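K.L.:
Sequence unavailable; structure follows:
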(Lines give C-alpha, C1' and ligand atoms only; values in the text may rest on other atoms or scores of the structure.)
Protein backbone atom coordinates (compact mmCIF):
# COMPACT_ATOMS: atom_id res chain seq x y z
CA UNK A 1 0.00 0.00 0.00
CA UNK A 2 1.45 3.35 -1.08
CA UNK A 3 1.76 5.88 1.75
CA UNK A 4 0.06 9.27 1.38
CA UNK A 5 0.32 12.48 3.40
CA UNK A 6 -1.83 15.57 2.92
CA UNK A 7 -0.26 18.91 3.87
CA UNK A 8 -2.80 21.25 5.52
CA UNK A 9 -1.64 24.68 6.78
CA UNK A 10 -4.58 26.39 8.51
CA UNK A 11 -4.38 29.59 10.52
CA UNK A 12 -7.21 31.20 12.43
CA UNK A 13 -10.15 29.62 14.29
CA UNK A 14 -11.31 26.25 13.01
CA UNK A 15 -14.76 26.21 11.34
CA UNK A 16 -17.79 24.85 13.19
CA UNK A 17 -17.83 21.65 11.11
CA UNK A 18 -14.23 20.76 11.97
CA UNK A 19 -15.14 17.70 14.05
CA UNK A 20 -16.89 16.20 11.02
CA UNK A 21 -13.90 16.78 8.78
CA UNK A 22 -11.69 15.14 11.40
CA UNK A 23 -14.07 12.19 11.76
CA UNK A 24 -13.77 11.57 8.03
CA UNK A 25 -9.96 11.73 8.30
CA UNK A 26 -10.02 9.25 11.18
CA UNK A 27 -12.04 6.85 9.02
CA UNK A 28 -9.07 6.78 6.60
CA UNK A 29 -6.41 5.47 9.03
CA UNK A 30 -3.92 4.47 6.31
CA UNK A 31 -3.60 8.09 5.15
CA UNK A 32 -1.82 10.81 7.12
CA UNK A 33 -2.79 14.46 7.44
CA UNK A 34 -0.12 16.93 8.53
CA UNK A 35 -1.54 20.13 10.04
CA UNK A 36 0.32 23.40 10.59
CA UNK A 37 -1.82 25.72 12.69
CA UNK A 38 -1.88 28.35 15.41
CA UNK A 39 -4.79 26.60 17.15
CA UNK A 40 -4.28 24.41 20.17
CA UNK A 41 -4.37 20.75 19.20
CA UNK A 42 -7.60 19.12 20.37
CA UNK A 43 -6.88 16.19 22.65
CA UNK A 44 -9.14 13.73 20.88
CA UNK A 45 -7.71 14.03 17.37
CA UNK A 46 -6.79 10.70 15.71
CA UNK A 47 -3.27 9.33 15.44
CA UNK A 48 -3.15 9.75 11.63
CA UNK A 49 -3.23 13.54 12.07
CA UNK A 50 0.20 14.97 12.81
CA UNK A 51 -0.09 18.41 14.36
CA UNK A 52 2.57 21.10 14.23
CA UNK A 53 1.71 24.26 16.12
CA UNK A 54 3.15 27.52 14.82
CA UNK A 55 1.99 31.04 14.14
CA UNK A 56 1.18 32.37 10.70
CA UNK A 57 4.14 34.73 11.06
CA UNK A 58 6.47 31.79 11.66
CA UNK A 59 4.96 29.93 8.73
CA UNK A 60 5.61 32.90 6.44
CA UNK A 61 9.23 32.92 7.58
CA UNK A 62 9.48 29.19 6.81
CA UNK A 63 8.06 29.66 3.30
CA UNK A 64 10.32 32.64 2.60
CA UNK A 65 13.40 30.69 3.67
CA UNK A 66 12.55 27.48 1.83
CA UNK A 67 11.58 29.15 -1.46
CA UNK A 68 14.04 32.04 -1.22
CA UNK A 69 11.26 34.59 -1.70
CA UNK A 70 9.54 37.34 0.27
CA UNK A 71 6.31 35.78 1.47
CA UNK A 72 4.42 38.19 3.73
CA UNK A 73 0.70 38.12 2.89
CA UNK A 74 -1.90 39.59 5.20
CA UNK A 75 -4.39 36.78 4.69
CA UNK A 76 -3.70 33.11 5.37
CA UNK A 77 -5.88 32.27 2.36
CA UNK A 78 -2.85 33.19 0.26
CA UNK A 79 -1.28 29.87 1.32
CA UNK A 80 -3.45 28.21 -1.35
CA UNK A 81 -1.26 29.81 -4.03
CA UNK A 82 1.91 28.11 -2.81
CA UNK A 83 0.47 24.60 -2.58
CA UNK A 84 2.44 23.35 -5.63
CA UNK A 85 5.60 24.16 -3.65
CA UNK A 86 4.59 22.14 -0.56
CA UNK A 87 7.06 19.29 -1.25
CA UNK A 88 9.87 21.84 -1.15
CA UNK A 89 8.54 23.77 1.86
CA UNK A 90 7.75 20.62 3.86
CA UNK A 91 10.42 18.33 2.48
CA UNK A 92 11.50 17.09 5.91
CA UNK A 93 7.98 16.19 7.03
CA UNK A 94 7.29 14.32 3.78
CA UNK A 95 10.31 12.04 3.94
CA UNK A 96 9.31 8.41 3.54
CA UNK A 97 5.91 9.05 1.97
CA UNK A 98 5.17 7.74 -1.53
CA UNK A 99 2.69 10.55 -2.30
CA UNK A 100 1.98 14.00 -0.94
CA UNK A 101 -1.20 15.99 -1.44
CA UNK A 102 -3.15 19.10 -0.61
CA UNK A 103 -6.82 19.47 0.21
CA UNK A 104 -9.38 21.86 1.67
CA UNK A 105 -11.13 21.35 4.99
CA UNK A 106 -14.62 22.45 3.89
CA UNK A 107 -15.35 18.85 2.94
CA UNK A 108 -15.78 15.38 4.34
CA UNK A 109 -14.03 12.32 2.95
CA UNK A 110 -15.47 9.00 1.95
CA UNK A 111 -13.23 5.95 1.69
CA UNK A 112 -10.20 7.45 -0.06
CA UNK A 113 -8.52 4.11 -0.76
CA UNK A 114 -11.54 2.97 -2.77
CA UNK A 115 -10.60 5.68 -5.28
CA UNK A 116 -6.83 5.96 -4.89
CA UNK A 117 -6.44 2.24 -5.46
CA UNK A 118 -3.13 0.40 -5.56
CA UNK A 119 -3.54 0.02 -9.33
CA UNK A 120 -4.08 3.74 -9.93
CA UNK A 121 -1.18 4.73 -7.67
CA UNK A 122 1.12 2.23 -9.37
CA UNK A 123 0.41 3.62 -12.85
CA UNK A 124 0.06 7.35 -12.18
CA UNK A 125 2.08 10.08 -10.54
CA UNK A 126 -0.66 12.72 -10.26
CA UNK A 127 -4.33 12.58 -9.27
CA UNK A 128 -6.94 15.34 -9.59
CA UNK A 129 -10.63 15.17 -8.74
CA UNK A 130 -11.40 17.28 -11.82
CA UNK A 131 -10.99 16.13 -15.40
CA UNK A 132 -9.97 19.46 -16.93
CA UNK A 133 -7.83 21.08 -14.23
CA UNK A 134 -6.09 20.61 -10.92
CA UNK A 135 -8.62 20.46 -8.09
CA UNK A 136 -7.33 22.67 -5.29
CA UNK A 137 -9.50 20.89 -2.76
CA UNK A 138 -8.01 17.44 -3.54
CA UNK A 139 -4.77 16.70 -5.41
CA UNK A 140 -1.92 14.25 -4.90
CA UNK A 141 1.52 13.88 -6.46
CA UNK A 142 4.19 11.19 -6.27
CA UNK A 143 6.85 12.21 -3.79
CA UNK A 144 10.01 11.92 -5.88
CA UNK A 145 12.86 14.44 -6.31
CA UNK A 146 12.13 15.27 -9.96
CA UNK A 147 8.64 16.52 -9.01
CA UNK A 148 9.65 18.54 -5.98
CA UNK A 149 10.19 21.77 -7.90
CA UNK A 150 7.98 21.47 -10.97
CA UNK A 151 6.26 24.73 -10.04
CA UNK A 152 9.49 26.44 -11.19
CA UNK A 153 8.56 25.57 -14.77
CA UNK A 154 5.62 27.98 -14.63
CA UNK A 155 6.12 31.58 -15.69
CA UNK A 156 5.86 34.28 -13.05
CA UNK A 157 5.63 31.81 -10.17
CA UNK A 158 7.79 34.02 -7.94
CA UNK A 159 5.73 37.12 -8.69
CA UNK A 160 2.50 35.21 -7.99
CA UNK A 161 3.83 33.84 -4.70
CA UNK A 162 5.14 37.19 -3.45
CA UNK A 163 2.09 39.21 -4.51
CA UNK A 164 -0.33 39.75 -1.63
CA UNK A 165 -3.25 39.10 -3.98
CA UNK A 166 -4.62 35.56 -4.29
CA UNK A 167 -3.99 34.23 -7.83
CA UNK A 168 -5.58 30.76 -7.56
CA UNK A 169 -2.15 29.52 -8.63
CA UNK A 170 -2.75 26.00 -7.34
CA UNK A 171 -5.65 25.48 -9.76
CA UNK A 172 -5.10 27.83 -12.70
CA UNK A 173 -1.36 28.15 -13.34
CA UNK A 174 -0.49 24.71 -11.95
CA UNK A 175 -3.04 23.12 -14.29
CA UNK A 176 -1.00 24.31 -17.28
CA UNK A 177 1.49 21.52 -16.60
CA UNK A 178 -1.20 18.89 -17.14
CA UNK A 179 -4.13 20.22 -19.16
CA UNK A 180 -4.21 22.48 -22.22
CA UNK A 181 -5.67 22.50 -25.73
CA UNK A 182 -9.15 22.25 -24.25
CA UNK A 183 -10.90 23.54 -27.37
CA UNK A 184 -9.12 21.23 -29.83
CA UNK A 185 -10.78 18.18 -31.38
CA UNK A 186 -10.27 15.03 -29.34
CA UNK A 187 -7.54 13.52 -31.54
CA UNK A 188 -5.38 16.65 -31.84
CA UNK A 189 -5.92 17.42 -28.16
CA UNK A 190 -4.63 13.97 -27.23
CA UNK A 191 -1.64 14.26 -29.58
CA UNK A 192 -0.66 17.78 -28.51
CA UNK A 193 -1.04 16.88 -24.85
CA UNK A 194 1.24 13.87 -25.27
CA UNK A 195 3.85 15.89 -27.15
CA UNK A 196 3.94 19.06 -25.07
CA UNK A 197 2.69 18.12 -21.60
CA UNK A 198 4.86 15.21 -20.47
CA UNK A 199 3.49 15.31 -16.90
CA UNK A 200 0.03 14.55 -18.26
CA UNK A 201 1.21 11.11 -19.40
CA UNK A 202 1.31 9.99 -15.79
CA UNK A 203 -1.71 11.98 -14.60
CA UNK A 204 -5.09 10.57 -13.60
CA UNK A 205 -7.57 13.43 -13.88
CA UNK A 206 -11.15 12.25 -13.44
CA UNK A 207 -14.17 14.21 -12.27
CA UNK A 208 -15.40 12.88 -8.94
CA UNK A 209 -18.58 15.06 -8.90
CA UNK A 210 -17.68 16.02 -5.37
CA UNK A 211 -18.27 19.80 -5.54
CA UNK A 212 -21.91 19.91 -6.68
CA UNK A 213 -23.92 23.01 -7.40
CA UNK A 214 -21.23 25.18 -8.94
CA UNK A 215 -19.49 25.12 -12.31
CA UNK A 216 -19.86 21.50 -13.38
CA UNK A 217 -23.02 19.48 -14.04
CA UNK A 218 -23.97 16.43 -12.03
CA UNK A 219 -22.84 12.99 -13.22
CA UNK A 220 -25.99 12.52 -15.33
CA UNK A 221 -25.40 15.79 -17.18
CA UNK A 222 -28.16 17.71 -15.40
CA UNK A 223 -28.15 20.50 -12.83
CA UNK A 224 -30.19 18.33 -10.49
CA UNK A 225 -27.74 17.95 -7.62
CA UNK A 226 -28.07 15.93 -4.40
CA UNK A 227 -29.97 17.65 -1.63
CA UNK A 228 -28.63 15.27 1.02
CA UNK A 229 -25.31 13.52 1.59
CA UNK A 230 -24.90 10.54 3.90
CA UNK A 231 -21.79 9.47 5.80
CA UNK A 232 -21.77 6.12 7.56
CA UNK A 233 -18.60 4.73 9.12
CA UNK A 234 -16.42 6.09 6.33
CA UNK A 235 -18.70 5.49 3.35
CA UNK A 236 -20.09 8.56 1.59
CA UNK A 237 -23.26 8.50 -0.54
CA UNK A 238 -26.13 10.84 -1.42
CA UNK A 239 -29.78 10.88 -2.49
CA UNK A 240 -29.07 11.31 -6.22
CA UNK A 241 -26.83 8.34 -6.94
CA UNK A 242 -26.23 4.72 -6.03
CA UNK A 243 -22.48 5.33 -6.22
CA UNK A 244 -20.00 5.84 -3.43
CA UNK A 245 -18.08 9.14 -3.49
CA UNK A 246 -14.52 10.17 -2.73
CA UNK A 247 -15.53 13.29 -0.78
CA UNK A 248 -18.20 15.98 -0.58
CA UNK A 249 -16.94 19.54 -0.93
CA UNK A 250 -19.77 21.66 0.48
CA UNK A 251 -18.50 24.99 -0.83
CA UNK A 252 -21.91 26.13 -2.11
CA UNK A 253 -23.77 25.24 1.09
CA UNK A 254 -21.02 26.76 3.21
CA UNK A 255 -21.90 30.14 1.77
CA UNK A 256 -25.47 29.68 2.97
CA UNK A 257 -24.35 28.44 6.39
CA UNK A 258 -22.47 31.68 7.04
CA UNK A 259 -25.81 33.39 7.71
CA UNK A 260 -27.21 30.61 9.92
CA UNK A 261 -26.59 29.40 13.45
CA UNK A 262 -26.13 25.71 14.16
CA UNK A 263 -26.14 23.58 17.26
CA UNK A 264 -23.34 21.20 16.31
CA UNK A 265 -23.07 17.85 18.04
CA UNK A 266 -20.07 15.56 18.05
CA UNK A 267 -20.22 13.27 15.00
CA UNK A 268 -21.37 9.72 15.53
CA UNK A 269 -21.17 6.71 13.25
CA UNK A 270 -23.81 7.97 10.84
CA UNK A 271 -24.82 11.47 9.80
CA UNK A 272 -26.45 13.57 7.09
CA UNK A 273 -25.38 16.85 5.48
CA UNK A 274 -27.88 19.18 3.83
CA UNK A 275 -28.45 22.87 3.24
CA UNK A 276 -29.64 22.91 6.87
CA UNK A 277 -26.30 21.69 8.19
CA UNK A 278 -25.30 18.44 9.91
CA UNK A 279 -27.76 15.94 11.39
CA UNK A 280 -26.05 13.38 13.58
CA UNK A 281 -26.62 9.68 14.40
CA UNK A 282 -29.42 9.02 11.95
CA UNK A 283 -31.61 6.08 12.87
CA UNK A 284 -29.95 5.57 16.24
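P.N.:
The structure has been received and is ready for your questions. None of these values were measured; they are calculated from a predicted model.
K.L.:
how much space between residue 97 and residue 121?
P.N.:
12 Å (CB to CB, to the nearest Å). Glycine gets a C-beta too; all of them are placed from N, C-alpha and C.
K.L.:
and the closest residue in space to residue 153 that isn't next to it in sequence, what is it in contact with?
P.N.:
Leaving aside its chain neighbours, residue 153 sits nearest to residue 177 (6.6 Å; criterion: CB to CB, 6 or more residues apart in numbering). Contacts here follow CB atoms under 8 Å, 6 or more residues apart in numbering; on that basis residue 177 touches 150, 153-154, 197, 199-200.
K.L.:
what pLDDT does residue 177 get?
P.N.:
Per-residue pLDDT puts residue 177 at 94.
K.L.:
State the distance from it to residue 268.
P.N.:
Taken as CB to CB, the span from residue 177 to residue 268 is 42 Å.
K.L.:
now do residue 19
P.N.:
Residue 19 is 11 Å from residue 268, by CB to CB.
K.L.:
More neighbours: which of those two?
P.N.:
More crowded of residue 19 and residue 268, by other CB atoms under 10 Å: residue 19, with 19 against 14.
K.L.:
quick check, that one in a helix?
P.N.:
Yes: assessed with DSSP: H, G, I helix; E, B strand; the rest coil, residue 19 lies in a helix.
K.L.:
didn't it look like it was pressed against residue 267?
P.N.:
Yes: with contacts counted by CB atoms under 8 Å, residue 19 reaches residue 267, the gap being 5.6 Å.
K.L.:
List phi and psi for the residue nearest to residue 31 when sequence neighbours are not counted.
P.N.:
Distances taken as CB to CB, 6+ apart put residue 4 closest to residue 31, at 4.9 Å, once the chain neighbours are dropped. Phi and psi for residue 4, reported as degrees, to the nearest 10, are phi -140, psi 140.
K.L.:
which residues does residue 4 contact?
P.N.:
Contacts of residue 4 (CB under 8 Å, 6+ apart): 30-32, 97-101, 112, 116, 140.
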